[in-house]
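> below are the sequence and a predicted model for it; my questions follow.
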Amino acid sequence: MADRFISRGFIGKRREPEAANRVPPGQHVVSDFPVLSAGPTPRTSLDRWSFTIEGLVRKPTKWTWEEFLKLPTQTFVVDIHCVTKWTKLDTRWEGVSVDTLFEHVELDRKAMYVTAFCDGGYTTNVPLPDIINGQAFVGYNYDGNSLAPEHGGPARLVVPNLYFWKSAKWVRGLRLMEKDRSGFWESLGYNNHGDPWKEERYTGD
Amino acid sequence: MKQLLEWQIATVKSIKPETPKVKTFTVSLPNWLPHRAGQHYDVRLTAPDGYQAQRSYSIASEPERSGEVDLTVERLEDGEVSSYMHDVLIPGDQIEVRGPIGGYFVWDAGMGGPLLLIAGGSGVVPLMAMIRHRASAGSSISTRLLYSSRTPEDVIYFEELDELRKDGRGLEIVHTFTRAQPPGWTGYAMRIDQAMLSEVVRPLGKAPQTFICGPTLLVEAAANGLVQIGVKPSQIRTERFGPTGT
């Protein structure tokens, strides 16, 4: 097959031209907000919730829910891209920038990678450069309301530049490390990095 | 474990209508790889101008069948890929796929049991791969499928499930019909709730390996209900399936 494969009789449902350059290859736009999880939705009461930054930092820090809410809040409007092929444009969140969190802990210069850890045991890994400089936040309000548990509430890491499994639901902390360490889906056939614009869906992509 | 999943051009071998909205596409693969029951394939369609669309579809067939897989696909009203597959594809057509994909929502007979499978609508598809694998492997692990459908005509694989149930190897099927029931039906006629879960789980004991697949509301209700009756969250694997709804 020298030429590209063509699906006989396929035309497709085209999107608006202005949206087209916001939708990565192989993705399609949805208007609802699908829920995908590997197991039951964990329920942690807010008085037992905390957020921790640990590992290669000078001042490991733990915030209670009340303390976390007092951190400077920002509004983020971002497009999200799930590896299961849906993309949702202009999602509106409120939360705390990862930059703000890192100001409190002072990163060690050896820190290169981050593992997000969560209620329910989920983990995901991201290179540090992918979540600093305004690229990631911990969101607790979605579309004007508290983030629903099935969408990761009370708080979810949001990393819009990577496939949405990196945006860890029920996040409880970040661990800074010198070496990379594969998280849950990254150990189960999904790509270690997950850039939707490069279609890094699965291991080896 | 660096495994590169290449796109390959499969050939549609046969198409079987399962229900008014669901068809099974048997596709022959030039580079077939053994899958695990519960995994899926990605399907990619390409238009003459290069426009592409992709979706994921669960494998319905057992891994013991080599060289081909069954993809059971529900036709969604505004579905870009499912409507093409239902309305355009005929046997002999080619279709681009890659897989198998997914390493968590999977079950092998070697993982043991007892096995609790809960399906809503076309969420039964990856669970059917597990049931077929179980049968092919000659396993008699205690297994219960709780299968929620709107109406009897929406049940996928009805006869085959009934046959497997009757072979006396420890598979039980519990249907619930949420909108319309067969004449004289005495079984469940409601959405899955905690009382139903308790009754269905009881014969399997406290620690069944559990797989739940269906629409979000069903998955949430079943998973939360099971946790409340004492099944450990780590024993419950979930997958969302079917129309995204709103």
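Noted; the coordinates are in hand. Numbers count the residues shown, from 1 in each chain, chains lettered A, B, ... in the order given.

> where exactly do the helices run in chain B?
Assigned by DSSP state H, chain B shows helices spanning B:81-87, B:124-136, B:158-166, B:194-201, B:216-228.

> same thing with chain A?
Here chain A has its helices, by DSSP H, at A:17-20, A:65-70, A:98-105.

> longest strand of chain B?
strand B:8-19 (DSSP state E).

> ok, residues contacting that strand?
For strand B:8-19, contacts defined as C-beta atoms under 8 Å, 6 or more residues apart in numbering or on different chains pick out A:1, A:5, B:23-31, B:68, B:72, B:89-98, B:153-157. The C-beta positions use only the backbone N, C-alpha and C, and glycine is treated the same way.

> then stretch B:117-124?
B:22, B:72-74, B:127, B:130-131, B:143-150, B:154, B:156-157, B:192, B:210-215, B:218-219, B:222, B:239, B:241-242.

> quick check: which of those residues are also close to chain A?
B:V219, B:E239 (C-beta under 8 Å from any C-beta of the partner chain).

> out of the contacts of stretch B:117-124, list just those in strands.
B:22, B:72-74, B:143-149, B:210-214, B:239.

> parallel or antiparallel, which strands does the longest strand of chain B pair with?
For strand B:8-19, the pairing partners within the sheet under DSSP bridges are strand B:22-28 (antiparallel), strand B:94-101 (antiparallel).

> can you tell me the centre-most residue of chain A?
Geometric centre of chain A, nearest residue: A:S167, 1.5 Å, by C-alpha atoms, centre = their mean.

> how about the contacts made by the residue lying closest to that one once chain neighbours are set aside?
Using C-beta to C-beta, 6 or more residues apart in numbering or on different chains and skipping residues adjacent in sequence, the residue nearest A:S167 is A:V158, 4.7 Å away. By C-beta under 8 Å, 6+ apart, the residues touching A:V158 are A:F76, A:V78, A:I80, A:W93, A:G95, A:A136, A:F137, A:V138, A:G139, A:S167.

> before we move on, the earlier item: nearest to B:R55, of the strands paired with strand B:8-19?
Taking C-beta to C-beta, strand B:94-101 is the member of the strands paired with strand B:8-19 nearest to B:R55, at 10.6 Å.

> from the chain's centroid, how far away is the closest one?
17 Å (C-alpha atoms, centre = their mean, to the nearest Å).

> using PDB, write out every CA atom in that strand.
Taking Å, rounded to 0.1, in the frame of the first residue of the first chain, the C-alpha atoms of strand B:94-101 are listed here in PDB:
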ATOM      1  CA  GLN B  94     -11.500  -3.100   4.600                       C
ATOM      2  CA  ILE B  95     -11.200  -1.200   7.900                       C
ATOM      3  CA  GLU B  96      -8.200   0.200   9.700                       C
ATOM      4  CA  VAL B  97      -7.700  -0.900  13.300                       C
ATOM      5  CA  ARG B  98      -5.100  -1.200  16.000                       C
ATOM      6  CA  GLY B  99      -5.000  -3.200  19.200                       C
ATOM      7  CA  PRO B 100      -5.500  -4.900  21.500                       C
ATOM      8  CA  ILE B 101      -5.500  -2.100  24.000                       C
END
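
> stretch B:33-53 and chain A, any residue contact?
Yes - using C-beta under 8 Å from any C-beta, we find that stretch B:33-53 touches chain A at B:R44, B:L45, B:T46, B:A47, B:P48, B:G50, B:Y51, B:Q52, B:A53.

> out of the helices of chain B, deepest packed?
Compared across the helices of chain B, helix B:124-136 shows the largest average neighbour count, a mean of 25 (mean count of other C-beta atoms under 10 Å in any protein chain shown).

> what angle do it and helix B:158-166 make?
Per axes from the mean of the first three to the mean of the last three C-alpha atoms, to 10 degrees, the angle that helix B:124-136 makes with helix B:158-166 is 40 degrees.

> report the distance from helix B:124-136 to the chain centre.
8 Å.

> report the mean confidence score over that helix.
Regarding helix B:124-136, the rounded mean pLDDT is 98.

> and the angle from it to strand B:209-214?
140 degrees.

> let's see helix B:124-136 as CSV, backbone CA atoms only.
Extracted in CSV, the C-alpha atoms of helix B:124-136 (Å, rounded to 0.1, in the frame of the first residue of the first chain):
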residue,chain,number,x,y,z
VAL,B,124,-22.1,-6.4,28.1
VAL,B,125,-19.6,-6.6,25.2
PRO,B,126,-16.3,-6.8,27.1
LEU,B,127,-18.0,-9.0,29.7
MET,B,128,-19.1,-11.4,26.9
ALA,B,129,-15.4,-11.8,25.9
MET,B,130,-14.8,-12.9,29.5
ILE,B,131,-17.7,-15.3,29.5
ARG,B,132,-16.6,-16.8,26.2
HIS,B,133,-13.0,-17.1,27.3
ARG,B,134,-14.2,-18.8,30.5
ALA,B,135,-16.1,-21.3,28.4
SER,B,136,-13.3,-21.8,26.0
